[in-house]
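*Asks:* Sequence plus the predicted model coming up.
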Amino acid sequence: MAKKALVKEGTYFDSVSLMSISKDIKALDGINEATIVMGTDANKEILKNANLLLPEAEAAKPNDLVIVIDGQKEVLDKTIDETNQMLADKKASSDEEKEYNPGSLDGALDLQPDSNLVIISVPGEYAAREAKKALKRGLHVMLFSDNVPVENEIELKKMAAEKNLLLMGPDCGTAIVNGAPLAFANVVSRGPVGIVAASGTGAQAVSSLVDRQGVGLTQVIGTGGRDLKSRVKGIEMIKDMKALENDEETEIIVLVSKPPAKEVSKKIMDEVKKLKKPVIVNFLGGDSAVVKGTDAIWADTLEDAALKAAAFIKGEDEVSSASLKDEEIAEIAEKETKKMASSQKYLRGLYTGGTLCSEAVILLTEENEDVYSNTPLKDEFALKENLKSIKNTVIDLGEDEFTKGKPHPMIEPSLRNERMAEETEDKEVAVILLDVVLGYGSHMDPAGEAAKAIKEAKTKVADRGAYLSVIASVCGTEKDPQNLHVQEEKLREVGAKVLPTNVQAVRVVNKILSDLN
Amino acid sequence: MTKKLEDLFKEELNVINIGLESFAENLKDEGYNAVQVDWKPAAGGDKEMAGLLDEIENISDKIEAANEKAVEKIQKSEPIVIDVQTAKDALPDFSDKMILHAAPPEKWEDMSGPMQGAAIGACIYEGWAENEKEARKMLDDGQVTFDAAHHHNAVGPMTGIVSPSMPVWVVENKTYGNKAFTTLNEGLGKVLRFGANGPDVIKKLKWMEKSLAPALREALSKTDGINLKNITSQALHMGDEVHNRNKAATALFIREITPFLLETNYTNKEIKEIIKFMAGNEHFYLNLSMPASKATMDAAHGIEYSTVLTAMARNGVRFGIRISGLGDRWFVGEAQIVDGLYFPGYTEEDACPDLGDSTISETAAVGGFAMAAAPAIVGFVGGTVADSIRFTKDMYEITVDENDNFTIPPLNFRGTPTGIDLLKIIETGILPAINTGIAHKEPGIGQIGAGLVDPPEECFKSAIRAFAQKYIK
């Protein structure tokens, strides 16, 4: 073995490029170690510690590039040549390929003068200002950022209403405009269904299911979660449903939200009455009485809303065709239950999608008295003490208490894997219920990530002579970059029962829990 | 007719994405148009500045109109060199025993080393003192009045020293009639503008006064003036940016003036010496490019509500700017150390902070703003050709318009970024790009390198405070 160093004066490369080239060089035959760094003191220290600080390297300056190779003597020269070639290739490609990104909205407008929509996802304290600028320039806005003060939201929405512009958000995670998936959105066909949704995963679930029914969408417009609260008064939802009413392509309008504040609900329904197009209302967990006196159609769940919309377009009366029959549910449940040990009693639901989690909590509560959650229906079922699970527990891992300083679990599902391992330490746990959300914005292989944890958990529980049931559903379409079918298969391969929708998955869980009692 | 919301649904979607880059990439993957913005918080997250910008936004119509007017004046200006005169005769309000220097104004005792050295040289050159010791004494005693050259329609590179007997170029803005002045460039090495003041320096200055200037004056008298805007435009197509590279422009100027020099009564030997001097100095044209820029920017100065920068200048201690709509006040910050490459034997330790009026070039849409036109010097300032293009492209973000006359071949002949807007600087946090020479901090050593330097943010911040105070009731 021998060492050789080369110093290239005043040649700068970023550390990421250098690390990747170092890695490639190290993989060559006869090479023990290869380090390519800028000649800073910190890097020299690293070389010294690696016993690679040859005299040439020691003399290098911070803007010099230092190459040190440790390997078989006869290949050193060749390797240095090869390194030079890789560096040259890197430089050429980085110089040519790097696209110029403007530093401001106005700069972007210079570059693309016919821009019509701005997505803003900068930190909340700056977001309102950027949104205001965009509105002033006549641009529609999708405000993905959260932590925008409600006063700003009201001001922006009023301004947008005056200018006939969209102000989706703040905290709007999902929209599909003219077929384009914005932020967290699934790839769906174009068609006659228009959605206005106050929740992101709600919009994803409904739009995906509509698509899977062979029906397409005109627009999926997000309003942000606060739009139907008493302070904002539904400014955005009212404006957007009117726009869909006037849109020639849209034949049916679906409204998706948690139950609005009472006076806002009335206001929304007053507006719904004025629309000529059919409207499906899904105020998840709300009272179906709100549609009384209107022509609107109530939908209990996200699934229900999607199926009713699709059935309307297809001219079908029967909407339950996509749902499984009670016997089918019972059969799946029974197969799962009979393998369990007598100590196993409880459910742990681990959700990445907030609205899917709410839907699960609502449906579980219908048949089980105590469903604990970090987003419970009643305060008495709120998790306390470090959010430790109690009896039947369903957790929204996308809530602030889990995401502070970390990415959202839809982007980085490993957070759920840790929790799954933790939950399955509990011998009383019988069922894990989970969602997998596909589409742009999400992790590129969320089912693959979940599968790792499922496999480990199942093995662990089997090793102690019990059986862990994993019930899952995947929100997405075949056209999503992750592909619905491929993702469902990954879950099945590790023994999870995959149901077509969240509602069906919860039905199976409800049956298992009742069988266990 | 105003647009309806639903009209969007019939348009092609063209997205601007501010924030998470993946959102733009996803759209492109699906075949949609998306432009990513490399976002930074407005004013770098400075709440006071962002607040002022919001207030000023309320009068944006007036500001935009004023800035358009300012830029129109920049575009229409036609600087022509018409004469060489003695400074005391040419410059307004230039009294005896006065020395002008690079702006902003500075007291003798606070001046940088090179500037003091050059002032001493000027005292000796003028015959006010026999030697350095005498000169220092009279300067310490306050026997010489100092002022910024800018206050007398003049600009000077580096220390920018102008004393009464020095010859100056007379550049006239043909469109608006105003004039601007700069001394003749001495060349590189030990020169007064870098603070050198030895006998050789003074001797050369005397030769320039007695031989060079009268010959050029006589030659110019036979012309209708030489159009500097034309020379600069051509030079940008020949690899100059006319601040740090003046090779092509100098050659073009020599080509223009030589026939007229030959028409003078000077001997061939004398003319040869003059041409040799000009040709031996790649920066000879800098001292024509600068007054051309000054004459242009003075025309755009004094427009109410305009936020366009009409001057940037550094004196080795402070960096100052002037704003068209804010009168003759300088807004200042500390001059920075240039980040650059040093000639062998010198380091940053030896450098004088940023120095000279030559940043008038950038305010007039050349120099660093035309970096993409001058690939030959990007190596000198430590970058690649791609860097130089990015450099210029960034400047479009902080300017009002693109130049009608100065165009950049590698950017498909796009006009140079023109009319630096104070508001855009604060908004984007993008500072004007300046490439400049580096002077040794001790007088008399001269240039020791070149590189890039950022103006201090403070000068822009104080200007915007003053703007809000003046215009927001």
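*Replies:* That came through, no problem.
*Asks:* Identify the spatial nearest neighbour of the residue of the stretch 151-300 of chain B found nearest chain A, chain neighbours not counted.
*Replies:* Chain A sits closest to residue B:244 of the stretch 151-300 of chain B, with a gap of 18.1 Å, by CB to the nearest CB. Quick note: C-beta positions are derived from backbone N, CA and C, even for glycine. Counting by CB to CB, 6 or more residues apart in numbering or on different chains, residue B:244 lies nearest to residue B:435, which is 5.2 Å off, once chain neighbours are set aside.
*Asks:* who does whichever helix or strand the one you found is part of touch, helix- and strand-wise?
*Replies:* Here residue B:435 sits within strand B:434-439, counting by DSSP states H and E. Where contact means 3 or more CB pairs under 8 Å, 6 or more residues apart in numbering or on different chains; DSSP states H and E, strand B:434-439 is packed against strand B:355-356, strand B:447-453.
*Asks:* which of those sits most buried?
*Replies:* Sort those by mean neighbour count, taking mean count of other CB atoms under 10 Å in any protein chain shown, and strand B:355-356 sits at the top with a mean of 31.
*Asks:* Which residues of the stretch 151-300 of chain A lie near chain B?
*Replies:* Those residues of the stretch 151-300 of chain A that sit near chain B, judged by CB under 8 Å from any CB of the partner chain, are A:164-166, A:177-183, A:187, A:218-219, A:239-240, A:242-244, A:246-247, A:249.
*Asks:* What pairs with the strand holding residue B:435, parallel or antiparallel?
*Replies:* When pairing is defined by DSSP bridges, strand B:434-439 lines up against strand B:447-453 (antiparallel).
*Asks:* domain assignment for chain A?
*Replies:* Recorded structural domains for chain A (assignment: automatic domain parsing) are A:2-97, A:172-322, A:326-516.
*Asks:* out of these, which comes closest to residue B:123?
*Replies:* Residue B:123 sits nearest to domain A:2-97 of all the domains of chain A, at 41.1 Å, using CB to CB.
*Asks:* Kindly provide the whole-number mean pLDDT of the closest one.
*Replies:* Domain A:2-97 shows a mean pLDDT of 80.
*Asks:* what's the offset of it from the middle of its chain?
*Replies:* Mean-position distance between domain A:2-97 and its chain equals 40 Å (CA atoms, centre = their mean, to the nearest Å).
*Asks:* Next one, pLDDT for residue B:1 please.
*Replies:* Residue B:1 is given a pLDDT of 52.
*Asks:* And residue B:380, by the same measure?
*Replies:* Looking at residue B:380, its pLDDT stands at 57.
*Asks:* try the one 10 residues further on
*Replies:* Confidence per residue is given as pLDDT, and for residue B:390 that number is 87.
*Asks:* How about residue A:319?
*Replies:* Looking at residue A:319, its pLDDT reads 63.
*Asks:* Sticking with the residue of the stretch 151-300 of chain B closest to chain A, tell me its helix or strand.
*Replies:* Applying DSSP H and E, one finds residue B:244 in no helix or strand.
*Asks:* What residues does the stretch 351-500 of chain A have near chain B?
*Replies:* A:440-441, A:481.
*Asks:* now with 10 Å?
*Replies:* Applying CB under 10 Å from any CB of the partner chain, one finds that the stretch 351-500 of chain A approaches chain B through A:411, A:439-441, A:479, A:481.
*Asks:* farthest-separated two in those?
*Replies:* A:411 and A:479 (20.2 Å).
*Asks:* Sketch out the helices for the stretch 301-450 of chain A, chain order is fine.
*Replies:* A:302-314, A:326-337, A:354-367, A:400-403, A:414-423, A:446-463 (DSSP state H, counting those that start in this stretch).
*Asks:* before we move on, the earlier item: any chance of TSV for the helices and strands packed on strand B:434-439, columns mean pLDDT?
*Replies:* TSV is the format used below for the helices and strands packed on strand B:434-439 (pLDDT from 0 to 100):
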stretch	mean pLDDT
strand B:355-356	95
strand B:447-453	83
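*Asks:* Please identify which of these is closest to residue A:381.
*Replies:* Comparing these by CB to CB, strand B:447-453 comes nearest, at 61.7 Å.
*Asks:* Just the C-alphas of the helix or strand that comes right after that closest one, formatted as CSV.
*Replies:* Once strand B:447-453 ends, the next helix or strand along the chain (criterion: DSSP H and E) is helix B:457-471. The C-alpha coordinates for helix B:457-471 follow below in CSV (Å, rounded to 0.1, in the frame of the first residue of the first chain):
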residue,chain,number,x,y,z
GLU,B,457,-26.3,46.7,4.0
GLU,B,458,-26.5,49.6,6.4
CYS,B,459,-26.3,52.2,3.7
PHE,B,460,-29.4,50.8,2.0
LYS,B,461,-31.2,50.5,5.2
SER,B,462,-30.6,54.1,6.2
ALA,B,463,-31.6,55.3,2.8
ILE,B,464,-34.9,53.5,3.0
ARG,B,465,-35.6,55.0,6.5
ALA,B,466,-34.9,58.5,5.0
PHE,B,467,-37.2,57.7,2.0
ALA,B,468,-40.1,56.7,4.3
GLN,B,469,-39.5,59.7,6.4
LYS,B,470,-39.6,62.0,3.4
TYR,B,471,-42.5,60.5,1.5
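*Asks:* What is helix B:457-471 packed up against?
*Replies:* Packing partners of helix B:457-471 (3 or more CB pairs under 10 Å, 6 or more residues apart in numbering or on different chains; DSSP states H and E): helix B:47-57, helix B:60-76, strand B:309-315, strand B:318-323, strand B:331-334, helix B:422-428.
*Asks:* Outside of stretch B:266-277 itself, list whatever touches it.
*Replies:* With CB atoms under 10 Å, 6 or more residues apart in numbering or on different chains as the test, stretch B:266-277 has contacts from B:184-187, B:204, B:207-208, B:211-212, B:214-216, B:218-219, B:254, B:257-258, B:261-262, B:264, B:284.
*Asks:* That stretch - what's its average pLDDT?
*Replies:* What stretch B:266-277 shows for mean pLDDT is 96.
*Asks:* just the CA coordinates of it, formatted as PDB?
*Replies:* The C-alpha trace of stretch B:266-277 is given here as PDB (Å, rounded to 0.1, in the frame of the first residue of the first chain):
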ATOM      1  CA  TYR B 266       2.900  67.600 -32.400                       C
ATOM      2  CA  THR B 267       5.900  65.700 -33.800                       C
ATOM      3  CA  ASN B 268       5.700  62.000 -34.700                       C
ATOM      4  CA  LYS B 269       7.900  61.300 -31.800                       C
ATOM      5  CA  GLU B 270       5.600  63.100 -29.400                       C
ATOM      6  CA  ILE B 271       2.600  61.400 -30.800                       C
ATOM      7  CA  LYS B 272       4.200  58.000 -30.600                       C
ATOM      8  CA  GLU B 273       5.000  58.600 -27.000                       C
ATOM      9  CA  ILE B 274       1.300  59.500 -26.300                       C
ATOM     10  CA  ILE B 275      -0.100  56.500 -28.200                       C
ATOM     11  CA  LYS B 276       2.400  54.300 -26.500                       C
ATOM     12  CA  PHE B 277       1.300  55.600 -23.100                       C
END
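*Asks:* Could you list the buried residues of that stretch?
*Replies:* Counting neighbours by 16 or more other CB atoms under 10 Å in any protein chain shown, one finds that the buried residues in stretch B:266-277 are B:266, B:271, B:274-275, B:277.
*Asks:* And for stretch B:193-201?
*Replies:* Using 16+ other CB under 10 Å as the burial criterion, the residues of stretch B:193-201 that qualify are B:193-197, B:201.
*Asks:* ok, now which ones touch the residue of chain B found nearest chain A?
*Replies:* Relative to chain A, the nearest point of chain B is residue B:19 (3.0 Å; CB to the nearest CB). Applying CB under 10 Å, 6+ apart to residue B:19 gives the contacts A:118-123, A:126-127, A:130, A:144-145, A:183, B:36-37, B:39.
*Asks:* what's the answer for residue B:234, then?
*Replies:* Shown in contact with residue B:234 (CB under 10 Å, 6+ apart): B:240, B:248-249, B:252.
*Asks:* Apply 6 Å and report the result again.
*Replies:* residue B:252 (CB atoms under 6 Å, 6 or more residues apart in numbering or on different chains).
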